[in-house]
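**Student:** Predicted model and sequence follow; I will ask about them next.
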Amino acid sequence: MNRVVYLRRLTDSGIEAFRVYLAKLRSGSQDQPPYHLLEEDRYAVPAYEGIAVEQKLFSSRLEFAKYANSIFSKVVPDDLFNDTGVWSWLSLYYFEQVCPLRSDGLRSPGRDYRHIPDQGFRIRHRHLLSGAYLVYTIYCLRELLAGFLLYSDLQTESQIYHQIVSRQNLVTNPVVVEAAGLLYFNKKTKRPKKGAFQTNKAGTLNRFVMVMQQLDLNYDLYSMESFELLDLLPPEFDRWKN
């Protein structure tokens, strides 16, 4: 493939062919990605005229989100996010990063929605590429707040991303997002703090989510500053407030 190409959109036939390939991978196929779908008119058509896409390596989902935000600056974000064909095309274009080869020569694609967006409300954020764009651009969290949600590589939906972004009342509240970052993300290492994701442990991420859901019933969390929200947390969270 060329290093730089103009953006296209997979057609219904292209999406179906991509689904067939993903199913083959889950059955143990070692077939190469069907990159011909990206260019053949039967499977893909031009989209958003004049947008060039570079075949580059991304160190994290955050880096991809920043790149997407820049090249799509003239596109209405909500229109783009709901464009299943474009995000499917991009997933195939960057397939070596969203579904790289394992050491045994196989690939682990996971569910289709990781590569072909499912617009169902509960899982629409789980597309590896459009989900990153959602957090960074549509929810306007940008680098300071999106960094800890999108620190992982392109093929990985982190625990902290899943726990926060799957709950719209949390991810759409910058105060809650910032508080979670202050508690569980190490700014120096750019990685979550050790033990942050342990299940049913006092003060860990899943407890934070539960407590936020409870506080949301009694407080206007949108009107607070992050330090005020942290002060509302029970003592079990004190060890994380450093």
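**Tutor:** Nice, thanks for sending it over.

**Student:** Tell me, how many residues neighbour Lys193?
**Tutor:** Neighbourhood size, Lys193 [other Cβ atoms under 10 Å]: 16. For glycine as for every other residue, the C-beta is placed from the backbone atoms N, C-alpha and C.

**Student:** That one against Trp240, yeah?
**Tutor:** Yes: the criterion here is Cβ atoms under 8 Å, and Lys193 meets it with Trp240 at 7.0 Å.

**Student:** Break the chain into its domains for me.
**Tutor:** Residue ranges for the domains of the chain, per automatic domain parsing: 1-101+112-140, 158-242.

**Student:** quick one: average pLDDT of the first one?
**Tutor:** Here domain 1-101+112-140 scores 95 as its mean pLDDT.

**Student:** would you say Arg9 is within a strand?
**Tutor:** Yes: under DSSP: H, G, I helix; E, B strand; the rest coil, Arg9 sits within a strand.

**Student:** Run through the bridge partners of it.
**Tutor:** Beta-bridge partners recorded for Arg9 (DSSP bridges): Val45.

**Student:** I'd say it and Trp87 touch.
**Tutor:** No: using Cβ under 8 Å, Arg9 is not in contact with Trp87, being 9.1 Å away.

**Student:** who has more neighbours, those two?
**Tutor:** Neighbours were counted for Arg9 and for Trp87 using other Cβ under 10 Å; Trp87 has more, 24 against 19.

**Student:** Buried ones in the host helix or strand of Glu228, by neighbour count?
**Tutor:** If you go by DSSP states H and E, Glu228 is part of helix 226-232. For helix 226-232, the neighbour count (16 or more other Cβ atoms under 10 Å) marks 226, 229-230 as buried.

**Student:** related to what we said a few turns ago, now the common contact residues for Lys193 and Trp240.
**Tutor:** With contacts taken as Cβ atoms under 8 Å, 6 or more residues apart in numbering, Lys193 and Trp240 have 183-184 as neighbours in common.

**Student:** With just CA atoms, put stretch 208-226 into CSV.
**Tutor:** Presented in CSV, the C-alpha positions along stretch 208-226 are these (Å, rounded to 0.1, in the frame of the first residue of the first chain):
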residue,chain,number,x,y,z
PHE,A,208,-14.8,4.6,42.3
VAL,A,209,-17.3,3.9,39.6
MET,A,210,-19.8,2.6,42.1
VAL,A,211,-19.4,5.6,44.4
MET,A,212,-19.7,8.0,41.6
GLN,A,213,-23.0,6.5,40.6
GLN,A,214,-24.2,7.0,44.1
LEU,A,215,-22.9,10.5,44.5
ASP,A,216,-24.5,11.5,41.2
LEU,A,217,-27.9,10.9,42.7
ASN,A,218,-27.4,13.5,45.5
TYR,A,219,-24.9,16.0,44.1
ASP,A,220,-24.5,18.2,41.1
LEU,A,221,-21.1,16.7,40.1
TYR,A,222,-20.9,18.9,37.0
SER,A,223,-20.7,22.0,39.1
MET,A,224,-17.8,20.9,41.2
GLU,A,225,-14.0,21.1,40.9
SER,A,226,-12.1,17.9,41.0
